[in-house]
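Asks: Quick one: sequence and predicted model below, then my questions.
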Amino acid sequence: MFDIRLNDRGDVVLSGRFDAAQVDKAKTVFDRLAATAVVDFKDLNYISSAGLGVLMATQKRLTDSGHKLKLKNVSGHIRDVFNIARFDLIFDIQ
């Protein structure tokens, strides 16, 4: 199960498994972001390469306009995925 929503502060909150089957659902939220945004990974259990692709496309689009994604509450195993893919050099992981 995957859920994506905006909380009362405007942070993107992810939970469950972010895989290829969830790309369209995620894009509806990420495509609406127009400024620097926080993405809360606290309840995210898994992210696939398709999920990483959505984050990367959003990061590129925001960076082109002087903004970015800030990732917080990234678990150890998901942080390892970012490190192995060298995405830790692209994203602001708090």
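Replies: Cool, got the structure. Residues are numbered from 1 along each chain as shown.
Asks: Which pLDDT value goes with the closest residue to Ile47 other than its chain neighbours?
Replies: Residue nearest to Ile47 in three dimensions, not counting chain neighbours: Phe18, with 4.6 Å by Cβ to Cβ, 6 or more residues apart in numbering. The way it works is simple: take the backbone N, C-alpha and C, and place the C-beta from them, glycine included. Looking at Phe18, its pLDDT reads 98.
Asks: And for Thr36?
Replies: 97.
Asks: Relative to Gly53, how far out is Lys27?
Replies: Distance from Lys27 to Gly53, counting by Cβ to Cβ, to the nearest Å: 10 Å.
Asks: Which helix runs longest in the chain?
Replies: helix 49-64 (DSSP state H).
Asks: Give me the buried positions along that helix.
Replies: Within helix 49-64, the residues scored as buried using 16 or more other Cβ atoms under 10 Å are 51-52, 54-56, 58-59, 62.
Asks: now swap in stretch 78-90 and tell me
Replies: 78, 81-82, 87-88, 90.
Asks: Turn those into CSV, including distance to Arg9, secondary structure and pLDDT.
Replies: As requested, those are arranged in CSV below (distance: Cβ to Cβ, whole Å; DSSP: H, G, I helix; E, B strand; the rest coil; pLDDT from 0 to 100):
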residue, distance to Arg9, secondary structure, pLDDT
Ile78, 21, helix, 97
Val81, 26, helix, 94
Phe82, 23, helix, 96
Phe87, 24, helix, 95
Asp88, 24, helix, 94
Ile90, 23, coil, 96
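Asks: which stretches of this protein form helices?
Replies: Assigned by DSSP H, the helices in the chain fall at 23-30, 49-64, 76-84.
Asks: thinking again about what came up before, what sits against the residue nearest to Ile47?
Replies: 2, 4, 26, 44, 46-48, 51, 54 (Cβ atoms under 8 Å, 6 or more residues apart in numbering).
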